[in-house]
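sequence plus the predicted model coming up.
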Amino acid sequence: MKLQTRTNGSHSGLTWDNCQGVLVQKAERMGWSLCIGAGSSRGKAAGVFPDWSALVNALMGADTEVKNPGTTYSRLSGFTPDALIEAGKDRLGLSDTEFAQRLQTLLYEELRAKAGNDWGVIAKCLTAASPAQRKLNDWKLFRDFFRRNYRDLTALQLARTIVASVDEEVEPSSVVSFNAEPLLYALVNAEAAIAENKEKPPKSLRLFNRVSRGISPQVAGRRPYIFCHGLLEVDAGFTIFDKVAASAEKLVFSESSYLRLANSSFSWQSAVFLGTAVLRSMVFVGVSFTDPNLRRWLASVHADRVAELKMKGNRNPTYEHYWLNRDPRNETLKRWTESLVHHLGVRLVWIPEYSQLEDYLRRMLSLSE
């Protein structure tokens, strides 16, 4: 016998018709934080950086005993990517420093090859702390390179929206990144510099403080851009980036590094994320919500919130966070996905295609077209 189920439950996702302005009150009352994952560095045709499977296959290909990396990966696909990356580090006999260098090479080699003679400018823009560190023409080259090579790049859409939101005073209070690269950070600098349209952008255009460690320097008036999973160096970038901002020792790629983070309630990453989840409304982009640590953090925060609201007599469904995700065009799949994050305090915002993410986020912020 089948039990009665929700047909259009009270925690159904938002669409274009009812997402208008949902972040405006959040921005005014408690602030909102943008949380990005690997999907933020992808476009319609390709990603800027290799995905987990590509990294694993590259590590397997470097093992002289592996004759067919694709077959080996397929046979071991039951293991998590971070476990396979850990195994790759072990098989290749890499130290922590050598491992970080190998990951840096793998992460940037395709981008560097595509940039060709422009790599020096691309690398400097990627590692610039503020728009003032490069001239306007460099920022235009940098932005146009990604526009040309990565159609509908999510990070470009986010950067334009963030810069536009500053004028309306609904900008994010912080950005929390699970990526080990600074692409969105750099594209925000580029969009800010181009919008200012001055040959030498002023220092005042800098929106973010880079936070890659618990001791990263902060300046009042800027929003924290938090690299929860560490930040890799960029070859040919600013030297000070590698010495100060990059945090290879914080990388969360291998299973051992992930487990150290997951099993510690007192790491700076967990403290920052939990504090953000409690105090801000979070908007998730490019995140799969399969990470058990992310789910554990959000579930704990939401359970406390629900319990406190019940003490006040409020038993209505409550959401503080939003997940922008592509509409699967299957009502059953949509409802199950919504229920998968309901107990995390997360509400879906269904978008037809990722190329329309900017339109939806601007609508949530009531930004003028």
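Perfect, thanks for sending it. Numbering: from 1, shown residues only.

so R329, which state does it fall into?
Following DSSP: H, G, I helix; E, B strand; the rest coil, R329 is assigned to coil.

which residues touch it?
R329 makes contact with no residue, according to Cβ atoms under 8 Å, 6 or more residues apart in numbering. (Each C-beta comes from the backbone N, C-alpha and C, glycine too.)

the one 3 residues further on too?
With contact set as Cβ under 8 Å, 6+ apart, T332 has no partners.

next secondary structure after the helix or strand hosting it?
According to DSSP states H and E, T332 maps onto helix 331-342. The helix or strand immediately downstream of helix 331-342 is strand 346-351, counting by DSSP H and E.

alpha carbons only: can I get that next one in CSV?
The C-alpha coordinates for strand 346-351 follow below in CSV (Å, rounded to 0.1, in the frame of the first residue of the first chain):
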residue,chain,number,x,y,z
VAL,A,346,17.8,25.2,2.1
ARG,A,347,15.2,26.1,-0.5
LEU,A,348,15.7,25.4,-4.2
VAL,A,349,15.6,28.1,-6.9
TRP,A,350,15.0,26.3,-10.1
ILE,A,351,16.5,27.9,-13.2
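
tilt between it and helix 331-342?
Orientation check (axes from the mean of the first three to the mean of the last three Cα atoms, to 10 degrees): strand 346-351 against helix 331-342 gives 140 degrees.

could I get the full set of strands for the stretch 51-200 of the chain?
Ranges of strands within the stretch 51-200 of the chain are 174-177, based on DSSP state E, counting those that start in this stretch.

so where is it shaky, pLDDT-wise?
The stretch 51-200 of the chain contains no residues with pLDDT under 70.

would you list every one of the helices in it?
Here the stretch 51-200 of the chain has its helices, by DSSP state H, counting those that start in this stretch, at 52-61, 69-75, 81-91, 96-115, 119-127, 136-149, 154-167, 183-196.

how about those helices, which one is nearest V287?
helix 154-167 (11.4 Å; Cβ to Cβ).

tell me what that closest one is packed against?
Helix 154-167 sits against strand 32-36, helix 136-149, helix 183-196, helix 357-364, with contacts defined as 3 or more Cβ pairs under 8 Å, 6 or more residues apart in numbering; DSSP states H and E.

what pairs with the shortest one, parallel or antiparallel?
Going back to what we said before, that points to strand 32-36. Strand 32-36 sits in its sheet next to strand 174-177 (parallel), strand 281-285 (parallel), going by DSSP bridges.

mind putting those strands into TSV with distance to V301?
Formatted as TSV, the strands paired with strand 32-36 follow (distance: least, Cβ to Cβ, whole Å):
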stretch	distance to V301
strand 174-177	14
strand 281-285	10
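
so can I have a markdown table of these showing mean neighbour count?
Below are these laid out as a markdown table (neighbours: other Cβ atoms under 10 Å):
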| stretch | mean neighbour count |
| --- | --- |
| strand 174-177 | 24 |
| strand 281-285 | 24 |
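
how about those, which one is nearest S270?
strand 174-177 (11.7 Å).

out of the strands paired with strand 32-36, nearest to L84?
Comparing these by their distance to L84 (Cβ to Cβ), the top pick is strand 174-177, with 22.8 Å.

which residues are contacting the closest one?
By Cβ under 8 Å, 6+ apart, strand 174-177 touches 31, 33-36, 184-185, 208, 223-229, 272-273, 276, 280, 282.
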